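A.B. asks: Let me see the structure of the following:
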Amino acid sequence: MLDSNRLFPAEGAARAVAVKLYDVVRDLPIISPHGHTDARWFAENQPFSNPAALFIQPDHYIFRMLYSQGISLQSLGIPDAAGNYDADPREIWRIVAKNYFLFRGTPTRLWLDYVFQYLFGLTERLGPDNADEYYDLIDRRLKTPEFLPRSLYDQFRIEVLATTDSPLDTLAAHSAIRDSGWAGRVIPTFRPDAVIDIEFAGFKENLKKLGEIADEDVSSWQGYLSALRTRRAFFRSLGATATDHGHLTARTADLSLREAEDLYAKIYSGTADAADAELFQAQMLTEMAGMSVEDGMTMQLHPGSVRNHNKALYEQFGRDKGADIPAPTEYVRGLRPLLNKFGNDSRLTFILFTLDETVYSRELAPLAGHYPALRLGPPWWFQDSPEGMMRFREQATETAGFYNTVGFNDDTRAFLSIPARHDVARRIDCAFLGRLVAEHRLDEDEAFQVVQDLTVNLVRKAYKL
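C.D. replies: Predicted coordinates for the structure are as follows:
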């Protein structure tokens, strides 16, 4: 099903170099520093319940495409906002198989075909005629010890796997993993959106809970900041090395103490308007950068997604159900207050992501090519594709180089797709480097060093792993 030279250049000289480079990195360990897998899988180490629950229901790439063609989320067994769902797993699988053609030319197809072939030995293309055969074979395999979460973690050669977690999370699963004695490294990531974004569901209650679990009076600005510091320290105690921030914009601010206190009073009392809410998030990015200088946690910013664009879908099914849409994002002016304060501080590692490819060469690469604190994250979400990765390398490398980037992260809820996603990234990097060597723009011995740096070394350094 899958050609061994997929994604490599068609041109002979560049392809030959790419093949040699890939041989060096193909079996290097996977470092997954940012994702959304469930830590409970590894804490409990129980069999995955069925193929649909493993492949379909966690993966918004899949059900988003199907929904766009008029297939209801109910029929795919996607839980509603209350966590309820009612769909037969085999019927869900049949729906996907019948509509597998929808994924032609997409990275989702690459990922799924990789998993089917390399994990389950299925090389005949999925379709309605073999849907049950696929389902039965996968279902049987999932009941074997080799397909328990911890066993798969080891088979995938994962060195570290980071989850993404609310500041209100008890991290009980992470504690259980630590206490179990298992050698796998699954660590949390601090994602404070629930107590920074006033439009986040239950924001007022979230602030109250933050104060309770941190034992701080969050009615005051200083108490609120102290509570966040306390939670960050708790995350670090369970292995966290990074924070993550999902703001709509990259705007930052540097308010005076009095201005920040007055603004927070509006936020806490519920009297803030939309402008106040945006300014508060801007100020909090700068505050979070300052805390990262203090405690050493790498900071990530994922702006530019208009969340929950489909109101009806959001009301019925809640957050993260595939209705988030990219929007233009401005970085140069937006980040200036934060960078004026911390951009020259070598203690800060601040990784920028984007959904707006128009800013790669115009804004992001020049910024990261100057400020010591800045690094560029890999193509993310809608750009996590062969074309998106190649565009990133072509547009960012000329100004930021390779060493102001941080390798690859898979950003996935679909556990089995992790090796497939990393394999695509490695192949595209090999293809890009192979072309540079063939065009005599890079010596071959340098390409061998760069490809290893892009695969493991830069990510270890950026995320302090």
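
A.B. asks: in this protein, which ranges drop under the pLDDT threshold?
C.D. replies: 322 (pLDDT under 70).

A.B. asks: For it, which segments are assigned as strands?
C.D. replies: Using DSSP state E, the strands assigned to the chain run over residues 30-32, 158-162, 186-187, 242-245, 298-301, 305-306, 325-326, 350-352, 374-376.

A.B. asks: now for stretch 6-14, what's the gap between its first and last residues?
C.D. replies: Using CA to CA, to the nearest Å, one end of stretch 6-14 lies 13 Å from the other.

A.B. asks: what does stretch 263-275 give?
C.D. replies: Using CA to CA, one end of stretch 263-275 lies 11 Å from the other.

A.B. asks: Check which residues of that stretch are buried.
C.D. replies: Across stretch 263-275, burial judged by 16 or more other CB atoms under 10 Å covers L263, Y264, K266, I267, Y268, A272. C-betas here are computed from N, CA, C, even on glycine.

A.B. asks: mind listing which of those residues are in helices?
C.D. replies: Of the positions in the buried residues of stretch 263-275, L263, Y264, K266, I267, Y268 sit in helices, assigned by DSSP state H.

A.B. asks: Please render these as a markdown table that adds distance to E212 to the earlier fields.
C.D. replies: Shown next, in a markdown table, are those (distance: CB to CB, whole Å):
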| residue | distance to E212 |
| --- | --- |
| L263 | 23 |
| Y264 | 18 |
| K266 | 22 |
| I267 | 18 |
| Y268 | 15 |
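
A.B. asks: from these, which is closest to T399?
C.D. replies: T399 lies nearest to L263 out of those, by CB to CB, at 35.6 Å.

A.B. asks: if I look at that closest one, how far off is T271?
C.D. replies: As for L263, its distance to T271 is 11 Å (criterion: CB to CB, to the nearest Å).

A.B. asks: now do F200
C.D. replies: Counting by CB to CB, the gap between F200 and T271 amounts to 17 Å.

A.B. asks: What of K143?
C.D. replies: Distance from K143 to T271, by CB to CB: 55 Å.

A.B. asks: before we move on, what about D453?
C.D. replies: Applying CB to CB, the value for D453 to T271 is 50 Å.

A.B. asks: now S385
C.D. replies: Taking CB to CB, one finds S385 at 44 Å from T271.

A.B. asks: Quick check: the most centrally placed residue in the chain vs P107, distance?
C.D. replies: Nearest to the geometric centre of the chain sits D411, at 2.3 Å (CA atoms, centre = their mean). As judged by CB to CB, D411 and P107 stand 12 Å apart.

A.B. asks: Output stretch 348-358 as PDB, nothing but the C-alphas.
C.D. replies: Output of stretch 348-358 as PDB, limited to C-alpha atoms (Å, rounded to 0.1, in the frame of the first residue of the first chain):
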ATOM      1  CA  LEU A 348      13.000  32.200  28.500                       C
ATOM      2  CA  THR A 349      12.200  29.800  25.700                       C
ATOM      3  CA  PHE A 350       9.100  31.100  24.000                       C
ATOM      4  CA  ILE A 351       7.800  28.900  21.100                       C
ATOM      5  CA  LEU A 352       5.500  30.500  18.500                       C
ATOM      6  CA  PHE A 353       3.000  28.600  16.400                       C
ATOM      7  CA  THR A 354       0.700  29.900  13.700                       C
ATOM      8  CA  LEU A 355      -2.300  28.900  11.600                       C
ATOM      9  CA  ASP A 356      -1.500  31.900   9.300                       C
ATOM     10  CA  GLU A 357       1.100  30.800   6.800                       C
ATOM     11  CA  THR A 358       1.400  34.300   5.400                       C
END
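
A.B. asks: So which bits of it are buried?
C.D. replies: Going by neighbour count (16+ other CB under 10 Å), the buried part of stretch 348-358 is L348, T349, F350, I351, L352, F353, T354, L355, D356, E357.

A.B. asks: any idea which of these is closest to K461?
C.D. replies: Of these, the one sitting nearest to K461 (CB to CB) turns out to be T349, at 8.5 Å.

A.B. asks: OK, contacts around that closest one?
C.D. replies: For T349, the contact set (CB atoms under 8 Å, 6 or more residues apart in numbering) comprises S292, T298, M299, A373, R375, A462, K464.

A.B. asks: Kindly report the same for I31.
C.D. replies: Counting by CB under 8 Å, 6+ apart, I31 has contacts I158, E159, V160, G407, V456, V459, R460, Y463, L465.

A.B. asks: Against F156, how distant is it?
C.D. replies: For I31, the distance to F156 (CB to CB) stands at 11 Å.

A.B. asks: How much space separates the closest residue to E159 other than its chain neighbours from M299?
C.D. replies: Excluding the flanking residues, the one nearest E159 by CB to CB, 6 or more residues apart in numbering is P29, at 4.0 Å. Using CB to CB, P29 is found at 24 Å from M299.

A.B. asks: what's the burial count for the closest residue to L338 other than its chain neighbours?
C.D. replies: Spatial nearest neighbour of L338, excluding adjacent residues (CB to CB, 6+ apart): T252 at 3.8 Å. Residue neighbour count, defined by other CB atoms under 10 Å, stands at 27 for T252.

A.B. asks: Look up phi and psi at T252.
C.D. replies: In terms of degrees, to the nearest 10, the main-chain angles of T252 are phi -130, psi 170.

A.B. asks: Now R125: closest residue in space that isn't a chain neighbour?
C.D. replies: Leaving aside its sequence neighbours, R125 sits nearest to M1 (CB to CB, 6+ apart; 6.8 Å).

A.B. asks: Does that neighbour touch T123 like I think?
C.D. replies: Yes. Using CB atoms under 8 Å, M1 is in contact with T123, at 4.5 Å.

A.B. asks: Identify the contacts common to these two.
C.D. replies: By the contact definition CB under 8 Å, 6+ apart, M1 and T123 are jointly contacted by F116, Q117.

A.B. asks: With T412 as the reference, measure out to the closest residue to K464 other than its chain neighbours.
C.D. replies: Excluding the flanking residues, the one nearest K464 by CB to CB, 6+ apart is T241, at 4.7 Å. For T241, the distance to T412 (CB to CB) stands at 19 Å.
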